[in-house]
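Student: build the 3D model from these lines:
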Amino acid sequence: MKNLTRKIFMAAALLLCLFLIPCESVYSQGLPAQPKVSVKQAGLENSLAILFTGDLHSCVDKYPKLATFIKQEKLFFEKKGFTVIVVDAGDIAMGSVFSAVTNTEASEYRALGLMGYDAYVFGNHDFDIGLKSLGFTFYNANIHGRNINPVTKEPINFPVNVTANLGKTNDNTFENARSYIGEKSYIIMNRNGVKIGIFGLLGKGAFNVCNERENMTLLDPIKTAKTIVQTLKTLGVDYIICLSHSGTLLKDKSEDGILAKECPDIDVIISGHDHEAIFRPWQVGNVVIGAAGSNGAFLGEVGISNGDNSLKERENHLVFYGLRSIPSDTKPDPALKMLLDSVELKVIGKFNNQFGISPSGVVTRQKMPLDGKPDKFGDFPLGEAIARSYFYAAAHDAPSDIDTLKMFSVVPAGVIRKGLSVGNIKYSDAFDILPLGLDPEGKLGYPIVECWITGKELKDLCEVNASIAGKMPDAYMTFYGLTYTYNPAALPFFRVKKVYLHGKAVQPNELYHVVTGYYTAMCLDVINKNSHGLLKIIPKDQNGTSIRQINDMLLKRSINEREKVGCVNEWYAFAEYMRKTGSQPKIASQAGIVEYNAAVRLAYAGYIILFIIAIFFIIRGIIWLAKGARRNKNADE
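Tutor: Here you go, the predicted model:
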């Protein structure tokens, strides 16, 4: 009887776990890198191992150890009989202090060559420095000895850019550079008798947030992929690999999820853009989708085998998949270490020339860590600290006709790339938190902008949090000076009820002063499109006239004794704010307050009732199992 009771309790516990615990996603961010799966030994002569990264974002300081690790892993798989390629899914630039010298030193592009990458694709942030500067990047990589390995003295074999759906741009310098570096729609690599077709895509979502999108054209990713896949099949390749800077965040509804369904003859999609780390292989039919996170945290590894090499029945088999952290005891590669040392000196010079500071200069001492993303409740102390710094920059030395009681600041989570650690905070730390872009004068970091919108548009802006941010975490906005009430049970885009600015109710037809970042303002049309016209926000000047060019929205202030009146760079405003206010508190007030009306209470009551019903049936099932076991026992006796 004791064993029977134990079994009943185990069954109950199992049922409760199945009901209460959500299924683990392949996208789980908190999981450690899986240990390498043991490689099958039979029939690997035509098998392919892909080493991959994505969204490296100028992590030049990690390149020396990453280079060594790539070489070690490549040698390991080659000894096992695999043909090996090394690829990247885009956004090699922008994201650290080292992006300060991307256009002059081309350190990211040169590093890919030194590390042995075969191919890569453009990401949206690769265009942050502008088309012309990006064009010069490729030229600068090939002059003054930068195209020579500093250790072996041999020429660097640069990887091929395979962005197939990037159409013609309006910049001649960039167009000439594309020809100069030999950009291709696809490449076919023949290694060890294995033919590998590789092509790349820049996703629509990524393109829509490109700094230079008005000067660029994008071909439809799916149509482009189908055309190239058919071409590669006709040319008799053994494997088709797609490097897609599109993303997997929305899973089956993501651009890469849809690509896999529409193009089932692709063998592997290496995904980038949304910084997702896929720790377990995601397969859509026979298509394997992998992503290695961001900032060089992991090296992705996927192995596939197509058996008899027949293109008539592409039943490729996944041999292994995993994301691997670089071991701490990995020795740095000498060539990449020399690259890092030289670039560090250039960065110091750039900060000094543009801002009169050293990147290692201390601005404050932080007493507690602030995470780089909002928590599950939407609290975001770092986001609020940055929003306060924007507000402070706009209010400081402001013209007399600026009413700060009608002004607020806003920062979306996606522009914040790093948290704030405990200890001495340097100027370089502030830059690493807000590292994107250049201002119109070429200074480091996007500038702060200001504009005016109506109270009705302000309500629409709050709908981004109430209706969109749940599915797009990077769109979550932290406000300073603004609060709103919303009904989560209402239809999307109709959830926000009331908006308050500094405690006073917002009036629909009045103008209110918005202070935000350049990149955020650039993405306003994305909000308009993603809401299917239900939300519409048009930036205006102080008199209510529509502003068409973002450069007409630049905030012009002097935020300290060293600076003349001019553009205020986002990261620099935050650094100066910390210098003046000290350690930032780990507190944040939620802008959105749930309005607990009858509909909300009814929805929550429904959830509780469903939970009680489920528990009731679980208990009934346990009782039924117990009675059945007892009857069987009596029958046996």
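
Student: check which residues of stretch 241-251 are buried.
Tutor: Buried residues in stretch 241-251, defined by neighbour count with 16 or more other Cβ atoms under 10 Å: 241-249. Using the backbone N, CA and C atoms, a C-beta is placed for each residue, glycine as well.

Student: kindly report the same for stretch 146-165.
Tutor: By neighbour count with 16+ other Cβ under 10 Å, stretch 146-165 contains the buried residues 146-147, 149-150, 156, 158-165.

Student: could you export these as a markdown table, including secondary structure?
Tutor: Shown next, in a markdown table, are the buried residues of stretch 146-165 (DSSP: H, G, I helix; E, B strand; the rest coil):
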| residue | secondary structure |
| --- | --- |
| 146 | coil |
| 147 | coil |
| 149 | coil |
| 150 | coil |
| 156 | coil |
| 158 | coil |
| 159 | coil |
| 160 | strand |
| 161 | strand |
| 162 | coil |
| 163 | strand |
| 164 | coil |
| 165 | coil |
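
Student: which of the buried residues of stretch 241-251 fall in strands?
Tutor: Among the buried residues of stretch 241-251, the ones falling in strands (DSSP state E) are 241-245.

Student: what secondary structure does residue 363 sit in?
Tutor: When classified by three-state DSSP, residue 363 comes out as strand.

Student: got the contact list for it?
Tutor: Neighbour list for residue 363: 425-427, 430, 575-576, 578-579 [criterion: Cβ atoms under 8 Å, 6 or more residues apart in numbering].

Student: turn these into CSV, including distance to residue 403, pLDDT and secondary structure.
Tutor: Shown next, in CSV, are the contacts of residue 363 (distance: Cβ to Cβ, whole Å; pLDDT from 0 to 100; DSSP: H, G, I helix; E, B strand; the rest coil):
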residue, distance to residue 403, pLDDT, secondary structure
425, 33, 97, strand
426, 36, 97, strand
427, 32, 96, helix
430, 29, 96, helix
575, 27, 97, helix
576, 24, 95, helix
578, 27, 97, helix
579, 27, 96, helix
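
Student: ends of stretch 391-407, what's the gap?
Tutor: 8 Å (Cα to Cα, to the nearest Å).

Student: and it, how far out from the chain's middle?
Tutor: Put simply, stretch 391-407 sits 33 Å off its chain's centre (Cα atoms, centre = their mean, to the nearest Å).

Student: what about it, average pLDDT?
Tutor: Averaged over stretch 391-407, pLDDT sits at 91.

Student: list the buried residues in that stretch.
Tutor: Buried positions in stretch 391-407, judged by neighbour count with 16+ other Cβ under 10 Å: 391-394, 396, 398, 406-407.

Student: residues contacting that stretch, please?
Tutor: 408-409, 448, 450, 480-481, 501-502, 504, 510-515, 542, 555, 557-559, 565, 568, 573, 576-577.

Student: and with 6 Å instead?
Tutor: 409, 448, 480, 502, 512-513, 515, 555, 557-559, 568, 573, 577 (Cβ atoms under 6 Å, 6 or more residues apart in numbering).

Student: how about JSON lines for those residues, with secondary structure and neighbour count added?
Tutor: JSON lines is the format used below for these (DSSP: H, G, I helix; E, B strand; the rest coil; neighbours: other Cβ atoms under 10 Å):
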{"residue": "409", "secondary structure": "strand", "neighbour count": "27"}
{"residue": "448", "secondary structure": "strand", "neighbour count": "31"}
{"residue": "480", "secondary structure": "strand", "neighbour count": "23"}
{"residue": "502", "secondary structure": "coil", "neighbour count": "13"}
{"residue": "512", "secondary structure": "strand", "neighbour count": "23"}
{"residue": "513", "secondary structure": "strand", "neighbour count": "22"}
{"residue": "515", "secondary structure": "strand", "neighbour count": "25"}
{"residue": "555", "secondary structure": "coil", "neighbour count": "23"}
{"residue": "557", "secondary structure": "strand", "neighbour count": "21"}
{"residue": "558", "secondary structure": "coil", "neighbour count": "14"}
{"residue": "559", "secondary structure": "coil", "neighbour count": "24"}
{"residue": "568", "secondary structure": "coil", "neighbour count": "27"}
{"residue": "573", "secondary structure": "helix", "neighbour count": "29"}
{"residue": "577", "secondary structure": "helix", "neighbour count": "24"}
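
Student: and which of those residues is nearest residue 131?
Tutor: Nearest to residue 131 out of those is residue 448 (Cβ to Cβ; 23.4 Å).

Student: contacting residues around that closest one?
Tutor: 390, 393, 555, 568, 570.

Student: and it, how far is that from residue 135?
Tutor: Plainly put, residue 448 is 28 Å away from residue 135 if you go by Cβ to Cβ, to the nearest Å.

Student: name the element residue 45 belongs to?
Tutor: Under the criterion of DSSP states H and E, residue 45 resides outside all helices and strands.

Student: among the contacts of residue 363, which two are most distant?
Tutor: 426 and 576 (13.3 Å).

Student: ok, the two, which is more surrounded?
Tutor: The neighbour count for residue 426 versus residue 576, taken as other Cβ atoms under 10 Å, is higher for residue 576 (23 against 19).

Student: for residue 368, what are its contacts?
Tutor: Shown in contact with residue 368 (Cβ under 6 Å, 6+ apart): residue 586.

Student: so it versus residue 419, what's the distance?
Tutor: In this view, residue 368 and residue 419 are 11 Å apart by Cβ to Cβ.

Student: which residues are in contact with each of these two?
Tutor: Common neighbours of residue 368 and residue 419, counting by Cβ under 6 Å, 6+ apart, are absent.

Student: pull the number of nearby residues for the residue nearest to residue 237 when sequence neighbours are not counted.
Tutor: Leaving aside its sequence neighbours, residue 237 sits nearest to residue 197 (Cβ to Cβ, 6 or more residues apart in numbering; 3.8 Å). Using other Cβ under 10 Å, residue 197 has 24 neighbouring residues.

Student: right, and the helix or strand after the helix or strand harbouring residue 197?
Tutor: Using DSSP H and E, residue 197 maps to strand 194-202. Heading C-terminal from strand 194-202, the first helix or strand you meet, by DSSP H and E, is helix 204-208.

Student: report the distance from that following helix to the chain centre.
Tutor: Relative to its parent chain, helix 204-208 has a centroid offset of 12 Å by Cα atoms, centre = their mean.

Student: which other residues reach that helix?
Tutor: Residues outside helix 204-208 that contact it (Cβ under 6 Å, 6+ apart): 124, 213, 218, 245, 273, 526.

Student: which pair in those spans the largest distance?
Tutor: Longest span within the contacts of helix 204-208, Cβ to Cβ: 245 and 526, 16.1 Å.

Student: max pairwise distance over the buried residues of stretch 146-165: which two?
Tutor: Farthest apart among the buried residues of stretch 146-165 by Cβ to Cβ are 150 and 165. That separation is 35.5 Å.

Student: now the contacts of residue 448 in TSV, with distance to residue 372?
Tutor: Formatted as TSV, these follow (distance: Cβ to Cβ, whole Å):
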residue	distance to residue 372
390	17
393	21
555	24
568	22
570	15
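
Student: going by distance to residue 326, which of those residues wins?
Tutor: residue 570 (30.4 Å).
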